[in-house]
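> What follows is a predicted protein model with its sequence.
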Amino acid sequence: MLSGTTLGLLIVLAIAFLSTCAQNSQARLTLENGLKSKVYLSPKITQTPGSVSNKFYYDIDFPKGHIAIKSFNAEVVDEDGNPVSLKETYLHHWVATRYYQRKGIKNPKHSGNFGFHQSDFISAGNAGVCNNGLTQFFGLGSETRKTSTHVPDPYGIEVGNPLEVPNGYEEKWVMNVHAIDTRGVVDAMGCTECRCNLYNVTEDEYGRDLKPDYVGGLYCCYDETQCKLKNGVEIVKRNLYLKYTVKWVDWSDAVTPVKIFIFDVTDTWQQNGIHDCLVEFNVEKSKSNDFISTRRSNASFPISGDVVYGVAHLHSGGLGSALYGEDGRVICASKAIYGEGNEAGNEAGYIVGMNTCYPKPGSIKIAKNEVLTLESSYSSEKSHTGVMGLFYIMVAESSSTLDASSLIHQESEIPIFFWGVGVFGLAIFAAVMVSYMRRRQSEDGYHSIAN
Ligand SMILES: *[C@@H]1O[C@H](CO)[C@@H](O)[C@H](O)[C@H]1NC(C)=O
Ligand SMILES: *[C@@H]1O[C@H](CO)[C@@H](O)[C@H](O)[C@H]1NC(C)=O
C-alpha cells in the first residue's frame, strides 16, 4: 500500500514529468496495442502579411530509440493551436529527414547553411532515386491535412537502429518548412506560385541575377522575401507552428521494413542516365482547346519488392499523377482533391489532399532495374510557375534479392558523403542547391529550372 505522502509525492512527480514533456515538445504520449503517438511543434514561425518563411530546423523533436514509424502527419497551427487556413498561410512544402551529426558538434543555425565541415554531418535520407536531393523521408505541402500517410501492418519505416549510426555520430532529424503568408496580398495564387514580379526580386538568395526568362519558382520566394501587398494593409506579426504527429511501434521482428523512394517528373535519367531531379517546372497556358498538360519521366528502379504505399505531390492546378511499370501496368494513381470552402482543410482552389494507394500486400511488384514511367498532369487553362510532380512510394524489398552481395552492392551505391560542397542544410530540399551548384558549374546559368 502506498502511504498518503508517497502517493502525494508520486502525483507531484507525475505532474512535474508531464509538465516537462509539455515544455520540451508540447507532446502527449498515447499507447494502443503497442502503437505510440506523439504530437510535436516545430520552432516558432513568425510571419507578417505577404512574408515568406523557408527555414531549416535542425535536431527537431522526434521519437527516440529503435522504432518503426507508422505515420507522420502535419499541419500549420497558430499560437492557440488552431488550424490555419491555406488562404492565410499557404504551406508550400514541409519536409523531414534524418541525418547523422558528429557528437560534440553544435547544431547548425536555422538558415545559415554555409561554413561548416561536411564530414560533421552525414545525410541519412530515403532510398532514392534522385541523385542530389529529394532525400526526405516525409514531406507534403498544401495537401497535408487530407492525405493518408500511415504505413499498413505489418510494415514500418525503420529508424534509430544504433547499428546503422556511424561511430562517433548521433542520429537526428531536420525539418524544412516553406510557408507563404498571403493575407492582404494583391494576388494570392501568384504569391503561392512564387511569381517573381510579385516578389520584386531580381536576384536569388545568393545575390546572383535571375535570368529574365525566370518568371517564377523557388528562386523568387526564398526565406524572408515579401509578396506584394494591397495598399494600406496593416503589418501585424503572428506566430505559427508546424504541428506534427508521429506514430510508431518499437522495432521487432514482427515489423517488415519498407524503403521510401521519390520520383520526380523532371528527372533527366532517360536523357543522361543520371537522376538529375530539377524539382520545379512551369506549365504554359494552353493555346488550343486541350487544357491538360501532361509531363512524363522514366527512371529505373534499384531494387525489387512489393509496393506498400504510393502518393503523388502536385501544386495548385495539378489534376493527378500515375506511376507505371515497364509493361504499362499502373503501379499507383493519385488524384488531387480540391477544397470547396473556406475552413482549414477545405480551402477552395487549393489542393487539400491527394488520393493514396494501399495495394493488397504482394499484389503490386516492381522488378530490379525495371524502368518506371511517372506521369503528372496539370490543368493548362492558366499558366503555372514553380509547380512540382513528385511521386512517393514505399517498397518492401523482396527477400529473394536480399543475398549478401546485393546488400554490399547497395551500401556502396548510396553515397554517404554525396554532398560535394561544404553545405549540408539545403541538401534536404534539393531545389535551391541543386540549381545553385549547377549554376556554379555552368556558364549559362539557369538552364534547368525554367523549362
Ligand atoms: C523593389 O526593389 C527595389 C530594389 O530593391 C526597391 O528600391 C523598391 O522600393 C522595391 N519596390 C517595392 C514596391 O517594394
Ligand atoms: C520512357 O520509356 C519508354 C519505353 O522505352 C519510351 O517509349 C518513352 O518515350 C520514354 N519516356 C520518356 C519521357 O523519356
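Everything's here; your move. Ligands and ions are numbered 1, 2, ... in the order given.

> near ligand 2, which residues of the protein?
270, 296, 297, 298, 371, 373 (Cβ under 6 Å from any ligand atom). (Each C-beta comes from the backbone N, C-alpha and C, glycine too.)

> Sitting in strands, which of those residues do you find?
296, 297, 298, 371, 373 (DSSP state E).

> Would you mind checking those residues for buried ones?
Buried members of these, scored by 16 or more other Cβ atoms under 10 Å, are 297, 298, 373.

> Quick check: beta-bridge partners of the last one?
Partner residues in beta bridges with residue 373: residue 298, residue 324, with DSSP bridges as the criterion.

> on that earlier part again, which two from the ones in strands among the residues of the chain next to ligand 2 end up farthest apart in space?
For those, the maximum inter-member distance is 11.8 Å, found between 296 and 371 (Cβ to Cβ).

> Just grab the bridge partners of the residue of the stretch 51-200 of the chain found nearest ligand 2 for me.
Nearest to ligand 2, among the residues of the stretch 51-200 of the chain, is residue 129, at 14.6 Å (Cβ to the nearest ligand atom). Beta bridges link residue 129 to residue 262, judged by DSSP bridges.

> Could you check how many residues crowd around it?
Residues near residue 129, counting by other Cβ atoms under 10 Å, number 19.

> Would you confirm that it contacts residue 274?
No. Residue 129 is beyond contact range of residue 274, at 10.3 Å (criterion: Cβ atoms under 8 Å).

> Residue 119: what secondary structure?
helix (DSSP: H, G, I helix; E, B strand; the rest coil).

> What's the per-residue pLDDT of it here?
With respect to pLDDT, residue 119 scores 82.

> Pretty sure it sits against residue 105.
No. Counting by Cβ under 8 Å, no contact exists between residue 119 and residue 105, whose distance comes to 10.0 Å.

> could you redo the buried ones among the ones in strands among the residues of the chain next to ligand 2 as a markdown table and give each row distance to residue 91 and pLDDT?
Conversion of these to a markdown table gives the following (distance: Cβ to Cβ, whole Å; pLDDT from 0 to 100):
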| residue | distance to residue 91 | pLDDT |
| --- | --- | --- |
| 297 | 25 | 97 |
| 298 | 30 | 97 |
| 373 | 29 | 98 |
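
> between the ones in strands among the residues of the chain next to ligand 2, which is nearest residue 72?
Closest approach between these and residue 72, by Cβ to Cβ: residue 297, at 25.9 Å.

> Which residues are in contact with the closest one?
263, 264, 265, 266, 267, 268, 269, 270, 373, 374 (Cβ atoms under 8 Å, 6 or more residues apart in numbering).

> Using ChimeraX, define a selection of the buried residues within those.
Command for ChimeraX, covering only those of these found buried under the criterion 16+ other Cβ under 10 Å:
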select :263,264,265,266,267,268,269,373,374
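
> got any ranges where this structure has weak pLDDT?
Along the chain, the parts satisfying pLDDT under 70 run over 1-32, 109-118, 400-451.

> So which residues of it form helices?
Using DSSP state H, the helices of the chain run over 4-25, 188-192, 196-199, 269-272, 404-413, 430-441.

> thinking again about what came up before, may I ask which two of the residues of the chain next to ligand 2 are separated the most?
Comparing every pair within the residues of the chain next to ligand 2 by Cβ to Cβ identifies 296 and 371 as the most remote, at 11.8 Å.

> So residue 103 sits against residue 169, correct?
Yes. Between residue 103 and residue 169 a contact is recorded at 6.6 Å, counting by Cβ under 8 Å.

> Comparing those two, which residue is more hemmed in?
Remark: of residue 103 and residue 169, residue 169 carries more neighbours, 17 against 10, as counted by other Cβ under 10 Å.

> which residues does the more buried one contact?
Neighbour list for residue 169: 100, 101, 102, 103, 122 [criterion: Cβ under 8 Å, 6+ apart].

> on that earlier part again, in terms of distance to ligand 2, which of the contacts of residue 297 ranks first?
For these, the nearest to ligand 2 is residue 270 (3.6 Å; Cβ to the nearest ligand atom).

> got a list of what that closest one touches?
By Cβ under 8 Å, 6+ apart, the contact set of residue 270 is 297, 298, 299.

> swap in residue 373?
For residue 373, the contacting residues are 296, 297, 298, 323, 324, by Cβ under 8 Å, 6+ apart.

> And the residues you listed, which is closest to residue 60?
Nearest to residue 60 among those is residue 323, at 29.7 Å by Cβ to Cβ.

> burial measure for the closest one, as a count.
Applying other Cβ under 10 Å, I find that residue 323 has 28 neighbouring residues.

> The residue found closest to it once you drop the neighbours it is linked to in the chain and ligand 2, how far apart?
In this structure, residue 323 finds its nearest non-sequential neighbour in residue 331, 4.4 Å apart by Cβ to Cβ, 6 or more residues apart in numbering. Going from residue 331 to ligand 2 by Cβ to the nearest ligand atom, to the nearest Å gives 14 Å.

> With that, I have no additional questions.
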